[in-house]
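>>> generate a structure from the sequence data that follows.
(2 chains)
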Amino acid sequence: MRKLIPFIYSLRVVNIVVLVVASLVAIGSLPAYDIFPFKPKSIFSHPLFVFLLFYLALGACLYLYKKSALFYSQKTNMKPGILSSVLADRFNFSIAREEGRLTVETMKNQWGKWGGPLLHFGMLLVLLGGFVTWRFATIRDIEINEGEMLALSDHVKIKLEKFHIDFDAKTLKPAAYTSRLLIQKDKDVFHKELKVNHPVQIRSWHLFQMRYHYVITGIKINLFRSGAFVENVELKPGERKPLQKLPLWIEITEVIPDFAIDRQKKVVSRSIYFHNPAVRVALYSEPKAAQPLSQSWAFQGLIMPHEQHKHDEWTASLNHIHTRYTSGIKVSNDPGAPIVYIGFLGLVLGAFISSFIRSYVFTIPFDENNKLNILNMRRQQVELLEVQT
Amino acid sequence: MIIQILILDYFIFGFLCFIASMLEWRKLWCLVLSLAFLGAGLHFFEILKRGVTAGRLPFTNTYETLLLMALLIMLLYFFALKRYQAVLIGGFVGILSALVLALSCLLSDRIEPLLPSLKSNWLLFHVGSAFVGYSSFAVAAASGALYLCASRWPHFFLGKQIRTQQEDLLKYLHQLTQRFILIGFPFLTMGVATGAVWASVTWGRYWNWDPKETWAFIAWLCYAVCLHVQREGTASPQKIAWTSLAAFATVLFTYFGVNFWFASLHAAYA
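Residues are numbered from 1 along each chain as shown, chains lettered A, B, ... in the order given. The predicted structure follows:
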């Protein structure tokens, strides 16, 4: 057992385990191809993978314990000595005399050696936080329609009052997605705006704006006959409705949110957003007629028919498209997240300290031969010391 | 047009670096370094101009991050030049920067407005630190590659005079490789950590096992192994050079492979 533990946690074995973990993670990142008898992503919740992470966490614990014990047991009775004027580089010195032999030990940036332990401690916290998240976090996606109320818990309810997209004035592309929420927390009622990158916190719950979609609930059009207004009709896409003033049926066969004609003279939509909406209106003589009497495009804002079609018998203009948005919100209650954040802080600080803060140690035993043992010393310092001694 | 000029500039710089080290021609060294400085200056100006025109940080898509990475590789080379007098690795650094810029020509250079999910202060820290890390590993890989080439084919890569000090030179290159891995690792760590925190703010989870996150983690693990191998002290310099190249391959896959082959939450971005 005495020899087994040092072997299991030797750097070589740790490196092999790290590479195995990296390989498993690489396989887990692959899409689910038919050649795999399993879903690659299932690797991340497989007991073997969890065990390997647990092994790395234990390894980090052992490293922390050993290094901390070693650093604390080292002599720390440093005091400025006469050689500090030679190097003038803020080194700490200690002078010891043993059996008539004088030894000068000098150190600098000793706190830099804590970089490695801090990094491993951070890694340990990240793994611990990940475990807590895996076992205890509640993360779910909800969809809430405009006007709908949803209960997050017994004491907290949310209602989506309005979902809104802000567009960039120059490019007409979305600049922000906003869900305006009415929140009822026990007896308190208040409004909050939920946007991407701006989560809302309600007690231990965090809400994140994820996605949205919409449904067209109604389209209002104005119908014209030979340029004269006939009737105002409201109907849904695909619904065939009788006109009130004439023995005809009207249907909206197509809705284009952002109408445009491409180079092949085909009707296309430039985007999914209602920048230039158009609907295709069809008139039928009978409720189940297959062929329409006439078909035309109706655009928003055009009260009179297009110049090209002003002599057409039937034309239409688009009054309004009623939409109802559904907001996709992620609701999260994750007790592991704060642990992971502290772990990341430790990881980053530990990595910077161990990479950029170099601790220097050198000892100069003075005997008859004036032998010098120097570790981690820069070349310029060695030359200066050689000159001075 | 400017990008094409920069590709040519870096390529010529890299090629002439190899020639200069073979011929040990000092005047040529001065010329190639001037080329490199001019190119980097123009490159920096181009990125700055793009940022001012767009009204935002100019590294929000693959095209912009390719420009950033090529510039950072050159800047880190200049740092190596100043701090460690590492002139010789310029050959591989120049060719690498030229290749990275050449890839950007395959993509659209249109300036798009910032997506709502990218409107965050984390953008600077996450992308900045990740690319400083990637670029540092690129310089380490260049140093490792030169070590392997110089140790295997010294007559081809090194001039007569340098060959007489080949052992010292190889030792120096070995230390340079280690140093740049040490520089890159904390920045990659910061990139992964800030990315996770930002993911938590945007997508509700700090870790989604998203392909981009996963491969960044794999790259981090590979460089952790590199550092462990260095710390062990028993690995040969050749082994260190090969591990730095292998680990850099994971960085390349994280950056390019994931973007082009995997569907990812990162797919629209860098």
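>>> A:I329 pairs with what?
For A:I329, the beta-bridge partners are A:I142, A:Q209 (DSSP bridges).
>>> what residues are up against the residue of the stretch 151-300 of chain A found nearest chain B?
As assessed by CB to the nearest CB, chain B sits closest to A:F208 within the stretch 151-300 of chain A, at 3.9 Å. C-beta coordinates here come from the backbone N, C-alpha and C atoms, glycine included. The contact partners of A:F208, taken as CB atoms under 8 Å, 6 or more residues apart in numbering or on different chains, are A:194, A:199, A:329-332, B:201-204.
>>> for the stretch 1-150 of chain B, what lies in contact range of chain A?
B:112-113, B:115-117, B:119-120 (CB under 8 Å from any CB of the partner chain).
>>> narrow these to those in strands?
If you go by DSSP state E, those have nothing in strands.
>>> low-confidence bits of chain B, can you list those?
Across chain B, the ranges flagged by pLDDT under 70 are B:156-163, B:263-270.
>>> likewise chain A?
Using pLDDT under 70, chain A drops low at A:1-5, A:34-35, A:74-106, A:302-311, A:362-389.
>>> ranges for the helices of it?
For chain A, helices defined by DSSP state H occupy the ranges A:4-8, A:11-28, A:47-73, A:84-87, A:115-136, A:337-356, A:379-388.
>>> can I get these in CSV with distance to A:A175 and mean neighbour count?
Formatted as CSV, those follow (distance: least, CB to CB, whole Å; neighbours: other CB atoms under 10 Å in any protein chain shown):
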stretch, distance to A:A175, mean neighbour count
helix A:4-8, 55, 10
helix A:11-28, 35, 17
helix A:47-73, 40, 14
helix A:84-87, 58, 14
helix A:115-136, 32, 20
helix A:337-356, 28, 20
helix A:379-388, 55, 12
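>>> got a markdown table for these, with distance to chain B too?
Compiled in a markdown table, these are given as follows (distance: least, CB to the nearest CB, whole Å):
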| stretch | distance to chain B |
| --- | --- |
| helix A:4-8 | 14 |
| helix A:11-28 | 4 |
| helix A:47-73 | 10 |
| helix A:84-87 | 21 |
| helix A:115-136 | 7 |
| helix A:337-356 | 4 |
| helix A:379-388 | 12 |
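>>> between the ones you listed, which gets nearest to A:A176?
helix A:337-356 (24.7 Å; CB to CB).
>>> taking the contacts of A:F208 one by one, which sit in strands?
Among these, the ones falling in strands (DSSP E) are A:194, A:329-332.
>>> return the residues of the stretch 151-270 of chain B in contact with chain A.
Within the stretch 151-270 of chain B, the positions near chain A by CB under 8 Å from any CB are B:182-183, B:185-186, B:189-190, B:193, B:196-197, B:200-207, B:209, B:211, B:214-215, B:217-218, B:221-222, B:224-225, B:228-229, B:231-232, B:250, B:258, B:262-263.
>>> show me the contacts for the most centrally placed residue in chain A.
Nearest to the mean C-alpha position of chain A, by CA atoms, centre = their mean, lies A:N197 at 9.0 Å. By CB under 8 Å, 6+ apart, A:N197 lies in contact with B:116-117, B:119-120, B:201-202.
>>> not counting its neighbours along the chain, what's nearest it?
In space, and not counting its chain neighbours, A:N197 is closest to B:S120: 4.6 Å by CB to CB, 6 or more residues apart in numbering or on different chains.
>>> ok, how many other residues are close to the one you found?
B:S120 has 17 neighbouring residues, counting by other CB atoms under 10 Å in any protein chain shown.
>>> test my guess that it contacts B:S200.
No - the pair B:S120 / B:S200 is not scored as a contact, 11.5 Å apart, by CB atoms under 8 Å.
>>> return a PyMOL selection command for the buried portion of the residues of the stretch 1-150 of chain B next to chain A.
Remark: buried members of the residues of the stretch 1-150 of chain B next to chain A, expressed as a PyMOL selection using 16 or more other CB atoms under 10 Å in any protein chain shown:
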select buried, chain B and resi 112+113+116+117+119+120
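>>> farthest-apart pair in the residues of the stretch 1-150 of chain B next to chain A, please.
Farthest pair in the residues of the stretch 1-150 of chain B next to chain A, by CB to CB: B:E112 and B:S120, 16.6 Å.
>>> tell me how many other residues surround the nearest residue to A:Y325 once chain neighbours are set aside.
Nearest non-adjacent residue to A:Y325, counting by CB to CB, 6+ apart: A:F163, 3.6 Å away. Around A:F163 there are 24 other residues, counting by other CB under 10 Å.
>>> show me the contacts for A:F163.
A:146, A:177-180, A:212, A:325-327 are the contacts of A:F163 under CB under 8 Å, 6+ apart.
>>> so can I have TSV of the residues you listed showing neighbour count and distance to A:V268?
Putting these into TSV (neighbours: other CB atoms under 10 Å in any protein chain shown; distance: CB to CB, whole Å) gives the following:
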residue	neighbour count	distance to A:V268
A:E146	19	28
A:Y177	21	24
A:T178	18	28
A:S179	25	30
A:R180	16	32
A:Y212	16	23
A:Y325	18	24
A:T326	17	25
A:S327	26	28
